[in-house]
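In: Sequence and predicted model, in that order:
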Amino acid sequence: MAPETPPQTSSPRRFFGRGLTVLLPSILTLWIMWYAIVFVFDNVAVPINRGIRAVMVSAAPLVVSTEPAAQPEWYRVTAEDRAELIKSREGQGLRDAPAAKIDHAVRVIKFEEYWNSHWYFSISGLLVAILLIYLAGMLLGGLLGRKLYNRLEAIVSQVPGFKQIYPHVKQLVNLVIGDKPMAFKRVVVVQYPREGIWSLGLVTSSAMKAISATAGRDCVTVFIPSTPTPFTGFTITVPSSEVIDVPISIDEALRFVLTGGVLVPDAQVSGPQDPRVAEFAKRLSSGAGPAA
């Protein structure tokens with residue numbers, strides 16, 4: 001009896017998998033970018049736009065003409081506008097308010113409607129935020145600004161609850177975008193998690209004095225990245241004499257860990273490689289993704 005042959009993958013399934021492999025990374029990237037933009041807009045641009053509208057409505061009487069014909073539509077307030085506001089839920093507390101206060105509330109509502117009818121006004125909030133961040137960077141970049149910031153930071157850091165969270169958030173921000181972000185110094189291999197098993201690691205700094213004193217010799221701090229997220233892993237302290245340098249770049253080491261050892265630097269390839277693994281590595285290097 002002839003042996004059974006394994007069922008072949010149907011063409012629709014193969015084509016669907018190939019299409020999913022090609023499109024899914026782009027779709028996920030666009031989804032992440034979209035929600036990042038929405039988050040920034042809702043939490044940064046919208047509050048700033050609200051403040052800009054409030055300032056413009058408050059300052060309008062100083063620059064707008066007293067002649068109704070020369071006033072913009074949103075600034076003119078009629079008796080019908082006042083009556084409609086008082087009847088609404090927002091105007092319940094304005095029944096006995098002075099006429100000037102009622103007119104101001106009407107203008108706030110009408111100006112918001114006018115603002116929302118022009119989508120490009122919403123960009124002003126982001127532009128103001130960028131300008132404020134730039135000015136803050138200029139101010140804090142000077143000696144006086146840094147001293148003022150450090151003093152204010154020392155005061156705020158004593159607030160209960162805030163002081164438990166702020167230092168960790170600050171370290172994370174400085175790690176990602178700070179002037180002196182944490183840098184991996186070199187790529188090494190160490191015997192971890194036990195003797196006989198060699199793990200790729202990244203030296204981050206010299207060991208703490210207490211650890212070196214306990215070990216009785218010079219030590220270094222090594223970060224052991226994990227697969228498939230190389231920016232998570234374990235931090236260990238190893239004697240300097242037990243650390244072996246590997247002549248590859250940080251990027252090559254991270255790619256090696258990220259792909260589970262598939263993308264081996266060309267200079268470090270040893271022995272024949274399975275053609276299927278070589279093809280997989282080639283596709284990853286080119287950004288084409290794995291074949292379906």
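Out: It's in. Residues are numbered from 1 along each chain as shown.

In: can you pull out the strands in the stretch 101-250 of the chain?
Out: Assigned by DSSP state E, counting those that start in this stretch, the stretch 101-250 of the chain shows strands spanning 186-191, 198-206, 219-225, 233-239, 244-245.

In: So what are the sheet partners of the shortest one and their directions?
Out: With DSSP bridges as the criterion, the sheet partners recorded for strand 244-245 are strand 186-191 (antiparallel).

In: circling back to that earlier point, for the strands of the stretch 101-250 of the chain, give me CSV that also has distance to K147 and mean neighbour count.
Out: Heads up, the C-betas are built off the backbone N, CA and C, glycines and all. Converted to CSV, the strands of the stretch 101-250 of the chain look like this (distance: least, CB to CB, whole Å; neighbours: other CB atoms under 10 Å):
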stretch, distance to K147, mean neighbour count
strand 186-191, 36, 18
strand 198-206, 28, 18
strand 219-225, 32, 21
strand 233-239, 33, 15
strand 244-245, 42, 11
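
In: could these be laid out in CSV, adding distance to A79 and mean pLDDT?
Out: Output for the strands of the stretch 101-250 of the chain, formatted as CSV (distance: least, CB to CB, whole Å; pLDDT from 0 to 100):
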stretch, distance to A79, mean pLDDT
strand 186-191, 77, 92
strand 198-206, 71, 90
strand 219-225, 71, 92
strand 233-239, 70, 91
strand 244-245, 83, 92
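
In: right, and those strands - which one's nearest I86?
Out: strand 233-239 (63.4 Å; CB to CB).

In: same for that closest one, what does it pack against?
Out: Applying 3 or more CB pairs under 8 Å, 6 or more residues apart in numbering; DSSP states H and E, we find strand 233-239 packed against helix 209-215, strand 219-225.

In: still on that earlier bit, please dump the strands of the stretch 101-250 of the chain into a markdown table; it should also carry distance to L24 for every row.
Out: Shown next, in a markdown table, are the strands of the stretch 101-250 of the chain (distance: least, CB to CB, whole Å):
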| stretch | distance to L24 |
| --- | --- |
| strand 186-191 | 31 |
| strand 198-206 | 29 |
| strand 219-225 | 25 |
| strand 233-239 | 26 |
| strand 244-245 | 38 |
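
In: what's the closest of those strands to R14?
Out: From the strands of the stretch 101-250 of the chain, taking CB to CB, the stretch that ends up closest is strand 219-225, at 33.9 Å.

In: What lies in contact with the closest one?
Out: 184, 188, 190, 192, 199-208, 211-212, 231-240, 243, 253-254, 257 (CB atoms under 8 Å, 6 or more residues apart in numbering).

In: Now do the helices in the chain.
Out: If DSSP state H is used as the criterion, the helices of the chain fall at 11-40, 46-63, 79-87, 99-116, 123-141, 143-156, 162-177, 209-215, 250-258, 275-286.

In: From I155, how far off is the residue minimising distance to the centre of the chain?
Out: Note on the chain: the residue nearest the mean C-alpha position is A36, at 7.8 Å, using CA atoms, centre = their mean. Applying CB to CB, to the nearest Å, the value for A36 to I155 is 32 Å.

In: about what we covered before: among the helices and strands packed on strand 233-239, which is nearest E67?
Out: strand 219-225 (70.6 Å).

In: what does the domain assignment say about this structure?
Out: Taking automatic domain parsing as the domain assignment, the record places the domains of the chain at 17-141, 186-286.

In: how far does the shortest one sit from the chain's center?
Out: Relative to the centre of its chain, domain 186-286 is centred 26 Å away, using CA atoms, centre = their mean, to the nearest Å.

In: Check stretch 136-145 too.
Out: 24 Å.

In: So what touches that stretch?
Out: 146, 149.

In: got the end-to-end distance for that stretch?
Out: With CA to CA, to the nearest Å applied, stretch 136-145 spans 9 Å between its terminal residues.

In: G233 touches S226, doesn't it?
Out: Yes: in this structure, G233 is within contact of S226 by CB atoms under 8 Å, at 4.3 Å.

In: Find residues that contact each of these two.
Out: By CB under 8 Å, 6+ apart, no residue touches both G233 and S226.

In: For the nearest residue to L85 once chain neighbours are set aside, give me phi and psi.
Out: Counting by CB to CB, 6 or more residues apart in numbering, L85 lies nearest to G91, which is 4.0 Å off, once chain neighbours are set aside. The phi/psi pair for G91 (degrees, to the nearest 10) reads phi -100, psi 20.
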